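# kindly generate the corresponding structure for this input.
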Amino acid sequence: MHCRLKRQGDHMKATYIEGRAFGGPDVLQLKTEELGSPAPDDILIRQSAIGVNFLDAMQRKGAAATVPYRMGLEGAGQVLELGRNVRGLSPGDRVVYAGGPPGSYASARLLPASRVVKLPSFLGAAEAVSIFFKALTADYLVNRLRRLRKGDAVLFTAAAGGVGSLAVPMLKAQGITVIGTVGNEDKADYARALGCDHVLVLPRDAAEAIQRVKNWTGGRGVTVAYDSVGKDTFEQSLGSLSRFGLLVSFGWASGDVAPVSLGRLREQGSVFVTRPTVSHYTEDRADLDEAAGRVFAAVDQGVIKANVFGRLPLEKAGEAQSLLESGFNSGSVVLEPGE
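Predicted coordinates for the structure are as follows:
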């Protein structure tokens, strides 16, 4: 089945995915609606590719505030129409966006012009959505949170995952020693291929994991621990820090982290803990442009690579999320609405 756009008077018909309840992939439903013309600061785009992320599945399971809800935060396509206040874009421009507003699981959509970035000629739509959201996250983790120096050591949890597979090469390009954690031996080989200097296969006793990190760093610990897993790995991440180290808790795949005593941070070595989100680091247009520029340069220079594992039609959004949740994929899953 192809999702076609049809002009009816002053409206564009578009097919999209909506969640009518929380639960498994079967709660996602294919809908059709008419899109009006863009508001003064908005654009209308025909979508070529849609990114599928773990956050989408989490929202489907209940992280979204209310039902019904629009699925998806990342897409790429071609500009069809501009609002009267929009500057710097033209019909026909290829663009990509990430982080919202929600509703990217659609054949076409209206969204603020301030949230899209022009795609460089060397990057296709599917390749762009396979990395853009994750690469913006990797960029602020590596380049914005703590200034790292050549020779510093960091711990990256889920080093072979979507964000890790981009952040690790970025860190290695800056001369950083990377200790990566993974869930099995197969992923350990992939983490080493990405550039990890040392790899820790989990699950493992937290005390043992901390000791191994300390051994690999000459007893000092790591300057930064990047943790996207949450509850199951927080103790080892915190315990692996050096004096004045920074723990970056940027995900909660295993559940949220319990409150931490401020006194414990002092006892650990005057360490720091932050819970950041990419939306804050790309909220200002200048920050978004600079981050996108760094991401596109990293792709162009071969530091990071797009890895599209699977392409599925829009109506198979539930299947795409299930594939991502299974952990069997070794790259990104992309939805393609069709012509």
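# go ahead and confirm Asn85 touches Asp42.
No - counting by Cβ atoms under 8 Å, Asn85 does not reach Asp42; the two are 9.0 Å apart. For the C-beta atoms, the positions are set from N, CA and C on the backbone; glycine is no exception.
# shared neighbours, the two?
Residues touching both Asn85 and Asp42 (Cβ atoms under 8 Å, 6 or more residues apart in numbering): there are none.
# more neighbours, the two?
Asp42 (21 against 11; other Cβ atoms under 10 Å).
# if you drop the residues flanking it in sequence, what lies closest to that one?
Gly83 (4.7 Å; Cβ to Cβ, 6 or more residues apart in numbering).
# so what's the one you found up against?
Contact partners of Gly83, counting by Cβ under 8 Å, 6+ apart, are Pro38, Ala39, Pro40, Asp41, Asp42, Ile43, Ala113.
# how close does the third one sit to Ala14?
In this case it means Pro40. From Pro40 across to Ala14, the span is 20 Å (Cβ to Cβ, to the nearest Å).
# who has more neighbours out of these two?
Higher neighbour count among Pro40 and Ala14: Ala14, with 24 against 10, using other Cβ under 10 Å.
# surely that one touches Ser104?
No - in this structure, Ala14 is not within contact of Ser104 by Cβ under 8 Å, at 11.8 Å.
# per-residue confidence at the residue nearest to Asp42?
The confidence metric pLDDT takes the value 97 at Gly83.
# now it: how far from Leu35?
13 Å.
# again, but for Ser107
Counting by Cβ to Cβ, the gap from Ser107 to Leu35 is 10 Å.
# okay, these two: which has more neighbours?
Ser107 (25 against 21).
# can you report phi and psi for that one?
phi -80, psi -30 (degrees, to the nearest 10).
# that one against Leu314, yeah?
Yes - with contact defined as Cβ under 8 Å, Ser107 counts as touching Leu314 (6.5 Å).
# low-scoring stretches of the stretch 1-150 of the chain, by residue?
1-13 (pLDDT under 70).
# recalculate using a threshold of 80.
Where the stretch 1-150 of the chain drops to pLDDT under 80, the residues are 1-15, 64-65.
# now do the helices in it.
Counting by DSSP state H, counting those that start in this stretch, the stretch 1-150 of the chain has these helices, from start to end: 54-58, 125-143.
# out of these, nearest to Ser270?
helix 125-143 (21.6 Å; Cβ to Cβ).
# show residues contacting the helix or strand just after the closest one.
Per DSSP states H and E, the first helix or strand lying C-terminal to helix 125-143 is strand 153-156. Applying Cβ under 8 Å, 6+ apart, the external contacts of strand 153-156 come out as 148, 164, 167-168, 171, 176-181, 196, 213, 216-217, 220-227, 237, 240.
# given strand 153-156, what are its sheet partners and their directions?
Sheet pairing here is set by DSSP bridges, and for strand 153-156 it gives strand 177-182 (parallel), strand 222-227 (parallel).
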